[in-house]
Every structure is written in C-alpha cells, then in structure tokens.
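[1] here is my input, please return the structure:
(one chain, ligands or ions: 1)
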Amino acid sequence: MNKIKKCLFPAAGYGTRFLPATKAIPKEMLPVLTKPLLQYGVEEAIEAGMDTMAIVTGRGKRSIEDHFDISYELEHQIKGTAKESYLTEIRSVINACTFSYTRQVEMKGLGHAILTGETLIGNEAFAVVLADDLCDNEEKGVLKQMSALYEKYKCCIVAVEEIAPEDSNKYGVIAGDVVKDASYAKNSLVRVNDMVEKPEPKDAPSNLAIIGRYILTPDIFDVLRNTKPGKGGEIQITDALLEMAKIGKVIAYKFDGKRFDCGSVDGFVEATNYFYAKDKS
Ligand code: G1P
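    The predicted model follows:
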C-alpha cells in the first residue's frame with residue numbers, strides 16, 4: 001500500500017508550560033480561537049487523505065475522546081437553532097475518519113509514546129503529528145506535502161525549518177546531503193546522515209530543526225524497542241531515526257507554510273493572532 005492512511009498523535013504529555021490551564025484540561029484541547037489544537041492536526045491529516053486517527057493519551061485526557069464523538073445532549077439543545085452551524089466542522093471531522101486510542105501509562109519520551117501507538121498502527125507507514133506544532137498552508141497542508149514525498153521516496157520523512165542557532169536546544173537538529181529533485185525547491189530535500197536531540201548551539205550539526213510532523217515506516221518500531229534512553233533520560237524518536245538515517249532511510253523536508261510553536265505561550269499567542277486575522281479577512 002502506497003498511501004498513508006493512519007496518523008498517530010502522541011497526546012499524553014502534561015503540558016506543564018501551560019499550568020494552571022492544563023491542570024484539568026489536556027494541552028491538546030487548548031483552543032486557538034474556537035478550535036482545539038488537536039482538531040487542527042486531525043484536519044491536516046484528513047486533508048492529506050488519512051482516515052484513521054490513532055491517539056496516544058494518558059490519564060486525565062478523556063475530554064479528547066469526548067471531543068471526537070457526538071454529544072447527544074448538545075445536539076438536542078441546539079438542533080434547529082442558529083448555533084447549530086458551530087458544530088458543522090467537528091461533525092464533518094467525525095464523519096471523515098475513525099479514532100482509536102491507547103494509553104501511555106508512563107511518560108518515557110516521544111519515542112516511547114510512538115512505540116506505544118504500534119498497537120493502533122500495525123505494519124504500515126504512518127504519519128505523526130505533534131499537535132502543539134500548529135501548521136498552516138493555504139494551498140496544501142504540511143502532511144499532504146509530506147505524503148506526496150513519501151509516495152516518491154518510500155522512506156522516513158521529517159519536516160524541518162531553519163531556526164536561530166541559539167534555539168537548537170529546543171529541537172531535534174539534522175544534517176545531511178541535499179537531494180537534487182527538480183520537482184522540489186532548491187535545497188528543500190536533505191538525505192539525513194546525522195541528527196541530535198536538543199543539542200547546545202555549539203554542538204548543533206546545522207540550523208535545521210525538526211518540527212512536529214513525521215512520516216515513519218513501520219520498521220521504526222523495532223528500532224524504538226532497542227533505543228536506549230537519551231536526552232533527558234527519555235526514549236527519543238530522534239535517536240531511533242538516527243539509526244534509520246545511517247542506512248540512508250531518512251529525508252528531511254523544508255516544508256512550505258507557517259508553523260507556530262503552540263507549546264510555548266509566545267507561539268500560542270502568535271498563532272491566535274494569525275488565525276484571528278485570517279478569519280477576519
Ligand atoms: C519533540 C522532539 C524534537 C522536535 C520537537 C518538535 O520535542 O523530541 O526532536 O524537534 O518535538 O516540536 P518536544 O517539543 O516534545 O520537547
């Protein structure tokens with residue numbers, strides 16, 4: 001099968017940077033305007049042709065399941081009123097795909113969260129969206145761009161963007177050789193041969209940082225099973241991908257579009273202002 005149909009959303013983290021807002025509400029449910037972050041991610045996956053959403057949750061995340069389900073009481077209350085239109089978008093999301101969930105019992109890092117999702121993914125290539133990286137592109141979403149790239153190259157793909165050198169310790173940072181491909185903008189594809197999780201600026205192999213969009217082939221699960229805890233004592237997807245990169249199976253892609261780091265208050269406010277202005281125009 002060539003097309004990516006499944007999208008994994010690691011959503012078990014605590015969201016400590018948004019306390020106290022995230023004390024009882026999952027950070028993935030914080031809204032930019034009226035829509036939770038996670039719904040933006042799901043819509044991006046649907047636009048890319050995916051129909052199976054696999055969500056790795058944790059304790060205290062039940063509102064995620066309720067969000068992607070019918071609320072009969074609410075439907076009953078607003079049926080036939082002017083407010084019904086507010087539900088149009090979420091209804092079409094629910095109709096367009098299925099949702100399945102598994103819980104990450106212990107927080108042992110992003111790599112561990114992805115491995116926890118294996119039970120929902122099985123033996124096929126899949127996308128990963130970190131919902132707190134909110135992406136926007138008027139014409140073609142980032143996942144749609146990456147899916148098309150996967151169909152051509154059939155290997156793992158990470159979305160990257162250029163960062164200020166002093167920010168390297170917030171990201172996975174990659175290095176590699178430019179791939180010449182006439183269908184893509186110059187220097188936008190890199191065959192990765194090195195990647196480091198959150199290096200200090202002096203140790204960063206480049207200024208290309210991974211943002212929260214990945215396409216992974218299912219052999220990543222075996223690699224993750226054998227990946228030792230790395231940065232912060234956690235099992236890092238960056239370390240597992242480095243193993244794949246060593247055998248030439250990872251491409252980094254400088255995507256077209258905007259990305260907001262909604263895991264930080266600054267990025268969240270920027271995203272809110274951007275979508276508000278977009279909505280008004
Ligand atoms: C994770 C990854 C990191 C990546 C980042 C993108 O870090 O570990 O490699 O660059 O997402 O947002 P986190 O933001 O979960 O600390």
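
[2] for the ligand, give me its nearest residue in this protein.
    G172 (2.6 Å; Cβ to the nearest ligand atom). (C-beta placed from N, C-alpha, C; glycine too.)

[3] which pLDDT value goes with that residue?
    pLDDT, G172: 98.

[4] I figured it hits D194, correct?
    No - look at G172 against D194 with Cβ atoms under 8 Å: they stay out of range, at 10.9 Å.

[5] so these two - more neighbours on which side?
    Under the neighbour definition other Cβ atoms under 10 Å, G172 and D194 were set side by side, and G172 has more, 26 against 13.

[6] please report how far the residue sitting furthest away from the middle of the chain lies from Y86.
    Each residue of the chain has a distance to the centre, and by Cα atoms, centre = their mean the biggest one is for G80: 36.1 Å. Computed with Cβ to Cβ, to the nearest Å, the distance linking G80 and Y86 is 13 Å.

[7] swap in G60?
    From G60 to Y86 the distance is 26 Å (Cβ to Cβ).

[8] likewise I251?
    In terms of Cβ to Cβ, I251 sits 40 Å off from Y86.

[9] in stretch 87-98, what's buried?
    By neighbour count with 16 or more other Cβ atoms under 10 Å, stretch 87-98 contains the buried residues L87, I90, V93, I94, C97.

[10] for stretch 121-131, same thing?
    Buried-residue list, stretch 121-131, by 16+ other Cβ under 10 Å: I121, A125, F126, A127, V128, V129, L130, A131.

[11] also stretch 7-24?
    Quick answer for stretch 7-24 (16+ other Cβ under 10 Å): C7, L8, F9, P10, A11, A12, G13, G15, F18, T22.

[12] can you get me the start-to-end distance on that stretch?
    25 Å (Cα to Cα, to the nearest Å).

[13] go on, stretch 14-30?
    13 Å.

[14] any idea how far that stretch is from the chain center?
    17 Å (Cα atoms, centre = their mean, to the nearest Å).
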